[in-house]
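> Kindly generate the corresponding structure for this input.
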Amino acid sequence: MAEDEERVPGIGSDGMPDVEKLGRQRPATFASLWAEVGFGVALLGSMLLAEFFVSGFHIILPPLVKELDIPAASQTWPSSVFSLITGAFLLPMGRIGDKYGGYVLFNAGLLWFFLWCLIAGFSKNYMMLIMCRAMQGFGPAAYLPGGVMLLGKIYRPGPRKNLIFALYGAFAPLGFFLGILMGGLSAEFLNWRWYFWIGAITVGVVSVVSLLTIPFDFREKRVAVDMDWWGIATVVPGLLLIVYAITDSSHAPEGWKTPYIIVTLILGVLFLVGAWYVETRVSANPMLPADLFLPRYMTRLMVALFMGYGTFGLFLFYSTFYIELVLDQSPLTTAIWYIPLFAGGILIATVGGFTLHLLPGRLLLVISAVANLTCMLLFAIIPENPNYWAYVFPSMLCATMGIDITYTVSNVFITTNLPSHLQGLAGAVINSVLFLGISFWLGIADIAVGETSHLGQRQSYKVAFWLAVGVAAVPLLLLPFLKIGSAKSDLTVEERQRLEAEAQSTEEVAETGEPARQQDAEKRAE
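Down below sits the predicted model:
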């Protein structure tokens with residue numbers, strides 16, 4: 001028996017998986033530690049780059065607006081179209097990942113991203129820039145669900161999975177900081193085009209590492225997955241049209257009364273109503289299957305995440321503009337002020353990765369929601385000449401606590417409670433809630449800021465911060481009632497299903513004298 005255990009690490013003397021040992025050891029997919037390190041570099045780098053091209057773009061926008069002569073009504077689009085495209089196409093991309101595997105989806109997304117980051121640096125006018133930013137959005141739409149899919153399939157429930165997911169989430173604020181830093185350096189000492197070219201070089205390096213280290217799963221046997229074309233044809237345009245109407249309404253000639261805003265909003269709602277009908281009544285393989293919501297409290301968790309991620313988006317956008325435009329700080333000073341955001345994120349990820357299996361998920365989510373609320377409240381009450389250490393510094397720490405803990409716990413919970421053939425969908429849903437939450441609430445805040453612009457820039461931004469306080473308060477009404485346990489070592493969904501099937505078969509043998517499988521075989525033979 002000792003020899004058997006040596007040949008099959010992680011299997012106990014009773015033939016059952018030793019979940020504690022398996023949850024801590026390196027996955028068998030990786031031949032060596034260096035192979036796992038390369039995989040980690042590719043996954044963590046991809047998350048970093050998604051945030052890099054969100055945050056830094058705001059820094060280079062002023063010189064870019066001047067050089068490309070972007071009209072005031074179009075200045076928000078180069079920023080918002082990236083997140084809009086990414087959020088709308090995550091679900092179809094997740095289905096592609098479940099069908100063809102994470103290797104193809106992840107690497108195709110990175111290579112596509114590299115191409116359009118490179119081209120964006122050569123933009124000759126604002127229409128070309130907007131098109132490049134839109135095309136960029138398809139890259140993260142592919143590799144983000146692909147990354148979560150790979151992490152969810154390769155790592156078993158346990159401390160090792162908790163650590164890699166914690167680091168994965170921590171690289172979001174790190175990418176945000178580096179985006180601001182490189183945007184500031186490019187704007188002050190180089191040219192805004194170098195922001196895209198430096199990013200493209202980094203994407204190229206990550207792509208090479210990814211192609212060499214990501215496990216090739218294209219030929220793996222997997223549950224047959226069909227594309228839900230009717231769902232794609234209704235969900236994607238519905239999301240695009242509604243978010244477009246909300247985002248553009250504050251800049252339209254007559255606001256919400258502008259005819260194309262009204263038409264766009266109505267069409268978006270009709271498409272989503274059609275999507276609900278198709279997904280529940282028509283499609284045999286819906287893009288959002290009922291299995292996704294089998295884990296208890298999944299719907300309430302999704303609502304809380306939508307609000308929490310929206311709060312983080314509001315913080316990133318309006319705190320940057322407030323520091324630069326109201327507090328009159330330079331781009332480089334702004335980047336320095338954000339150091340606690342990424343430094344705290346790395347610290348929380350490291351500590352959380354080793355302790356996440358010891359603490360209840362519900363408690364961690366409540367702590368993150370309180371941190372989200374606190375970071376927005378500090379900016380809402382910030383005085384005209386604030387003390388950095390009294391207001392900005394603690395707000396940065398609370399912001400990183402809010403996003404890192406939320407992202408890690410929700411990722412671990414969702415991927416652990418879904419089977420391997422739905423891991424691509426899990427990654428798509430997680431990131432859809434993230435990007436759509438940010439896009440939706442930024443659109444609402446843009447309307448609020450536009451309607452209160454007569455109060456002056458400082459006060460209108462304060463309106464956005466108070467809106468964010470209200471949004472951040474909603475999860476505190478939901479999260480205390482979610483029963484999410486600690487992320488300890490455990491069986492996978494497939495192992496639990498197999499054990500349940502074996503137990504049921506044993507009961508049937510005891511009752512009838514022959515296993516159900518044998519009965520089924522005899523019936524088929526007849």
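
> Could you pull up phi and psi at Thr452?
Here is the backbone geometry of Thr452 (degrees, to the nearest 10): phi -110, psi 20.

> typed the wrong thing, it's Pro383
According to degrees, to the nearest 10, Pro383 has phi -80, psi 180.

> Look at it and say how many residues are nearby.
If you count neighbours by other C-beta atoms under 10 Å, Pro383 ends up with 8. No exception for glycine: its C-beta is placed from N, CA and C like everyone else's.

> gap between it and Pro394?
Distance of Pro383 to Pro394, given as C-beta to C-beta, to the nearest Å: 14 Å.

> And the helix or strand Val429 falls within, what does it pack against?
Assigned by DSSP states H and E, Val429 belongs to helix 423-451. Packing contacts for helix 423-451, counted by 3 or more C-beta pairs under 8 Å, 6 or more residues apart in numbering; DSSP states H and E, involve helix 77-100, helix 102-120, helix 126-154, helix 229-249, helix 298-321, helix 393-416, helix 457-473.

> Please compute how far the first one lies from its chain's middle.
So the one you mean is helix 77-100. How far helix 77-100 lies from its chain's middle: 11 Å, per C-alpha atoms, centre = their mean, to the nearest Å.

> Need the CA coordinates for it. PDB is fine.
Output in PDB follows, covering the C-alpha atoms of helix 77-100 (Å, rounded to 0.1, in the frame of the first residue of the first chain):
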ATOM      1  CA  TRP A  77     -15.400  57.300 -26.000                       C
ATOM      2  CA  PRO A  78     -11.800  56.400 -26.300                       C
ATOM      3  CA  SER A  79     -11.900  55.500 -22.600                       C
ATOM      4  CA  SER A  80     -15.300  53.800 -22.300                       C
ATOM      5  CA  VAL A  81     -15.400  51.900 -25.600                       C
ATOM      6  CA  PHE A  82     -12.600  49.600 -24.400                       C
ATOM      7  CA  SER A  83     -14.500  48.500 -21.200                       C
ATOM      8  CA  LEU A  84     -17.800  48.400 -23.100                       C
ATOM      9  CA  ILE A  85     -16.500  45.900 -25.800                       C
ATOM     10  CA  THR A  86     -14.700  43.800 -23.200                       C
ATOM     11  CA  GLY A  87     -17.800  43.500 -21.000                       C
ATOM     12  CA  ALA A  88     -20.200  42.800 -23.800                       C
ATOM     13  CA  PHE A  89     -18.200  40.000 -25.400                       C
ATOM     14  CA  LEU A  90     -17.000  38.100 -22.300                       C
ATOM     15  CA  LEU A  91     -19.900  35.600 -22.200                       C
ATOM     16  CA  PRO A  92     -19.500  34.500 -25.900                       C
ATOM     17  CA  MET A  93     -15.700  34.200 -25.400                       C
ATOM     18  CA  GLY A  94     -16.300  32.100 -22.300                       C
ATOM     19  CA  ARG A  95     -18.400  29.700 -24.300                       C
ATOM     20  CA  ILE A  96     -15.700  29.500 -26.900                       C
ATOM     21  CA  GLY A  97     -13.200  28.600 -24.100                       C
ATOM     22  CA  ASP A  98     -15.400  25.800 -22.800                       C
ATOM     23  CA  LYS A  99     -15.700  24.500 -26.400                       C
ATOM     24  CA  TYR A 100     -12.100  24.700 -27.600                       C
END
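
> Just the angle for that helix relative to helix 229-249, thanks.
Here the directions of helix 77-100 and helix 229-249 differ by 170 degrees (axes from the mean of the first three to the mean of the last three C-alpha atoms, to 10 degrees).

> Mean pLDDT per helix and strand in this protein: which one sits at the bottom?
helix 2-7 (a mean of 42; mean pLDDT, DSSP states H and E).

> what's the nearest residue to the residue most central in space within the chain if we skip its chain neighbours?
Using C-alpha atoms, centre = their mean, the residue of the chain that lies closest to the mean C-alpha position is Asn431, 3.1 Å off. Nearest residue to Asn431, sequence neighbours excluded (C-beta to C-beta, 6 or more residues apart in numbering): Leu144, at 4.5 Å.

> hmm, who's touching stretch 437-453?
76, 80, 83-84, 87, 243, 246-247, 249-251, 255, 305-314, 317-318, 459-461, 463-464, 467-468, 471 (C-beta atoms under 8 Å, 6 or more residues apart in numbering).

> rerun that using 6 Å as the cut-off
Contact with stretch 437-453 is made by 83-84, 87, 243, 246-247, 250, 306, 309-310, 313-314, 317, 460, 463-464, 467, 471, as judged by C-beta atoms under 6 Å, 6 or more residues apart in numbering.

> okay, Ala187: pLDDT?
Turning to Ala187, the model gives it a pLDDT of 75.

> Wait, it touches Ile60, no?
Yes: shown here, Ala187 and Ile60 form a contact pair, counting by C-beta atoms under 6 Å, at 5.2 Å.

> how many neighbours does the residue lying closest to Phe393 once chain neighbours are set aside have?
In this structure, Phe393 finds its nearest non-sequential neighbour in Pro340, 5.8 Å apart by C-beta to C-beta, 6+ apart. Counted with other C-beta under 10 Å, the neighbours of Pro340 add up to 21.

> Val429 now?
By other C-beta under 10 Å, neighbour count at Val429 equals 24.

> low-scoring pLDDT stretches of this protein, where are they?
Low-confidence segments of the chain, defined by pLDDT under 70: 1-25, 72-76, 218-225, 247, 250-256, 290-296, 349-358, 415-424, 426, 484-526.
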